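# For reference, the sequence and a predicted model appear below.
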2 protein chains.
Amino acid sequence: MGIKERKEKHKEDLRQRILDAAKELFLKDGYEATSIRKIAEKIEFSPTTIYLYYKDKADIMYALHQEGFKLLGSQFGVLQHVSEPFERLKAMGRVYMSFALNNPDFYELMFIMKEPIEFVKAHCHDEEWEEGEQAFTALIMTVDQCKAAGYFTSFDTTTFALNVWSLMHGLCSLKLQGHLDHMATTKAHILEEGDWLEKTFEGFIAMLNSLK
Amino acid sequence: MGIKERKEKHKEDLRQRILDAAKELFLKDGYEATSIRKIAEKIEFSPTTIYLYYKDKADIMYALHQEGFKLLGSQFGVLQHVSEPFERLKAMGRVYMSFALNNPDFYELMFIMKEPIEFVKAHCHDEEWEEGEQAFTALIMTVDQCKAAGYFTSFDTTTFALNVWSLMHGLCSLKLQGHLDHMATTKAHILEEGDWLEKTFEGFIAMLNSLK
DNA sequence: TCATTTTATTAACAGTGTTAATTATGTTTG
DNA sequence: CAAACATAATTAACACTGTTAATAAAATGA
């Protein structure tokens, strides 16, 4: 039955076209502006057709959410070739920061917004989630290897990794939500000019160095 | 002209009643569910009346945003009585964390959402903002005093303060958005049970201790 | 009391996500 | 081939959202 396969493929095609249209709107105008009706208009279908391919808007956003994690994962993957673990840890920080700055909408969807993670909790309870865990696992492993190489020996791996992630996430989200720039402008009299994101990150690296 | 004063007062009264109704709805059901129409219904006025007292929804939310900063500021204020600066710094971290956990909606409005800070940038450009800066200033001063007491001597004050804030904000927001719990459940096989927020914070304190 | 200003309301616009009922399309069977 | 069926897509509608213009009501000043 080759006809059934072609039908399946056509159906999967449309599902992808919906996602592509959603992605384009999302990256251009953000979450709120990505409405079902606008997606439908872009692919020249009726709005309700979309509900035949995705459960609801959160479902579509979850799909984009996954795309974002794949992208971050691929960028982290490259770093596995950095053999020195502490160098790799620092590089992961830089990559994470670059990812946040270069893909602010994706970052917001992946780490700031509630909707996608609530969709996971509501519909993907059978422990499938892969993409997201992979990045955290990579961090855990790197911290572990750092410890094996004599760094951070007095700290618990998971706790240390969560601290690193928290700091990077806090820094990136404060930057993206405009809080960092706001502090820079209002406290301009006491703070000299400069890129505070970069400066703070360098300060973090210095802190890590001090921890041996 | 006592009549004019009473009128002014009445007008200010209604402005406050609108804010109270908004606050009640906001703390109960969150940002999205706090609609102009629901606020109006609560105070038994027409929806459009609200626009005579607040520019738009962002204006109302900015007012709540300010209330949140006053609350956090008052909690920070108490800590000024802790004379040992490093003890005070650690206590500030705990207070910040407690505030986030006990007032998640406020925290989200103050540090996670874009709307209020964009309202500031759009309408309060004449450098009034006080409430927010106060908290950050308190942190800067405490770090400075820590340095004077021999802690973190090799680090730049502002950079160090931004690192502390970033870490605390990252930790709290990862917790509030459910990412921390998610990692705890999916990685339950490798992580023993426990309160990961608390554990990570303790790890952070340990890190600070290691920096002397 | 009349005119003026202030305050509040109704009606409406332009959207939003989502569902039920209906029509069109394509496939399979008698 | 034509009828029956399953699938896909649509229209219409519901219940909302923030916001504005035009209008009515109330309070104030002369």
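Perfect, thanks for sending it. Numbers count the residues shown, from 1 in each chain, chains lettered A, B, ... in the order given.

# so where's chain A uncertain?
Scanning chain A for pLDDT under 70 picks out A:1-9, A:126-128, A:187-194.

# Show me where it has its helices.
Listed in chain order, the helices found in chain A under DSSP state H are A:2-29, A:36-42, A:57-78, A:85-102, A:104-107, A:115-123, A:131-148, A:157-176, A:179-186, A:196-210.

# so which of those helices is the most packed in?
Of all the helices of chain A, helix A:157-176 has the most neighbours on average by mean count of other Cβ atoms under 10 Å in any protein chain shown, namely a mean of 24. Every C-beta, even on glycine, is put in place using the N, C-alpha and C of the backbone.

# elements contacting that helix?
helix A:85-102, helix A:104-107, helix A:131-148, helix A:179-186, helix A:196-210, helix B:157-176, helix B:196-210 (3 or more Cβ pairs under 8 Å, 6 or more residues apart in numbering or on different chains; DSSP states H and E).

# got TSV for those, with distance to DNA strand D too?
Converted to TSV, these look like this (distance: least, Cβ to the nearest atom of the strand, whole Å):
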stretch	distance to DNA strand D
helix A:85-102	28
helix A:104-107	22
helix A:131-148	27
helix A:179-186	21
helix A:196-210	30
helix B:157-176	22
helix B:196-210	32
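
# what's near enough to touch residue A:178?
Shown in contact with residue A:178 (Cβ atoms under 8 Å, 6 or more residues apart in numbering or on different chains): B:114, B:117, B:118, B:121.

# OK, now which residue of chain A is nearest to DNA strand D?
Taking Cβ to the nearest atom of the strand, DNA strand D has its nearest neighbour within chain A at residue A:46, 2.9 Å off.

# Distance check, the residue nearest to that residue when sequence neighbours are not counted against DNA strand C.
Leaving aside its sequence neighbours, residue A:46 sits nearest to residue A:40 (Cβ to Cβ, 6 or more residues apart in numbering or on different chains; 6.1 Å). Here residue A:40 is placed at a distance of 8 Å from DNA strand C (Cβ to the nearest atom of the strand, to the nearest Å).

# and what of residue A:184?
34 Å.

# how close does the closest residue to residue A:159 other than its chain neighbours get to residue B:209?
Ranked by Cβ to Cβ, 6+ apart and with sequence neighbours excluded, the top spatial neighbour of residue A:159 is residue B:203, at 3.6 Å. Separation of residue B:203 from residue B:209 (Cβ to Cβ, to the nearest Å) stands at 10 Å.

# cool, residue A:121 as well?
From residue A:121 to residue B:209 the distance is 36 Å (Cβ to Cβ).

# again with residue A:25
Counting by Cβ to Cβ, the gap from residue A:25 to residue B:209 is 49 Å.

# now residue A:167
From residue A:167 across to residue B:209, the span is 17 Å (Cβ to Cβ).

# Enumerate every residue touching the residue nearest to residue A:93 when sequence neighbours are not counted.
Using Cβ to Cβ, 6+ apart and skipping the chain neighbours, the partner closest in space to residue A:93 is residue A:168 (5.7 Å). With contact taken as Cβ under 8 Å, 6+ apart, residue A:168 is in contact with A:93, A:96, A:97, B:166, B:170.

# what do you get for residue A:179?
B:111, B:117.

# Please apply the same query to the one 3 residues further on.
Taking Cβ under 8 Å, 6+ apart as the definition of contact, the neighbours of residue A:182 are B:117, B:120, B:121, B:129, B:132.

# now do 10 Å
Residue A:182 makes contact with A:174, B:117, B:120, B:121, B:129, B:132, B:133, B:136, according to Cβ atoms under 10 Å, 6 or more residues apart in numbering or on different chains.

# ok so, going back, doesn't residue A:165 make contact with the residue nearest to residue A:159?
No: checked against Cβ atoms under 10 Å, the pair residue B:203 and residue A:165 is beyond contact range at 11.8 Å.

# What are the structural domain limits within chain A?
For chain A, the structural domains run A:1-54, A:58-210, going by automatic domain parsing.

# is it possible to export the ones you listed to CSV including distance to residue B:16?
Output for these, formatted as CSV (distance: least, Cβ to Cβ, whole Å):
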stretch, distance to residue B:16
domain A:1-54, 30
domain A:58-210, 27
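
# nearest to residue B:65, of the ones you listed?
In terms of Cβ to Cβ, the element of the domains of chain A nearest to residue B:65 is domain A:58-210, at 12.2 Å.

# In chain A, which residue sits closest to chain B?
Closest to chain B within chain A is residue A:170: 2.7 Å, counting by Cβ to the nearest Cβ.

# on that earlier part again, measure the residue nearest to residue A:93 to residue A:63 for me?
Remark: distance between residue A:168 and residue A:63 (Cβ to Cβ) = 25 Å.

# for residue A:160, same thing?
From residue A:160 to residue A:63 the distance is 33 Å (Cβ to Cβ).

# now swap in residue A:97 and tell me
Counting by Cβ to Cβ - residue A:97 and residue A:63 are separated by 25 Å.

# swap in residue A:32?
For residue A:32 relative to residue A:63 (Cβ to Cβ), the value is 18 Å.

# Then residue A:135?
In this view, residue A:135 and residue A:63 are 18 Å apart by Cβ to Cβ.

# again with residue A:147
Taking Cβ to Cβ, one finds residue A:147 at 37 Å from residue A:63.

# Contacts only, for the residue nearest to residue A:46.
Residues in contact with residue A:40 (Cβ under 10 Å, 6+ apart) are A:18, A:21, A:46, A:47, A:48, A:49, A:50.

# from what I can see the fourth one touches residue A:18, true?
The one in question is residue A:47. No: with contact taken as Cβ under 10 Å, residue A:47 and residue A:18 are classed as non-touching, separated by 11.1 Å.

# Now do stretch A:98-117: distance to the chain's middle.
Offset of stretch A:98-117 from its chain centre (Cα atoms, centre = their mean, to the nearest Å): 5 Å.

# swap in stretch A:97-110?
That offset, for stretch A:97-110, works out to 6 Å (Cα atoms, centre = their mean).

# what about it, near chain B?
Yes: judged by Cβ under 10 Å from any Cβ of the partner chain, stretch A:97-110 comes into contact with chain B through A:108, A:110.
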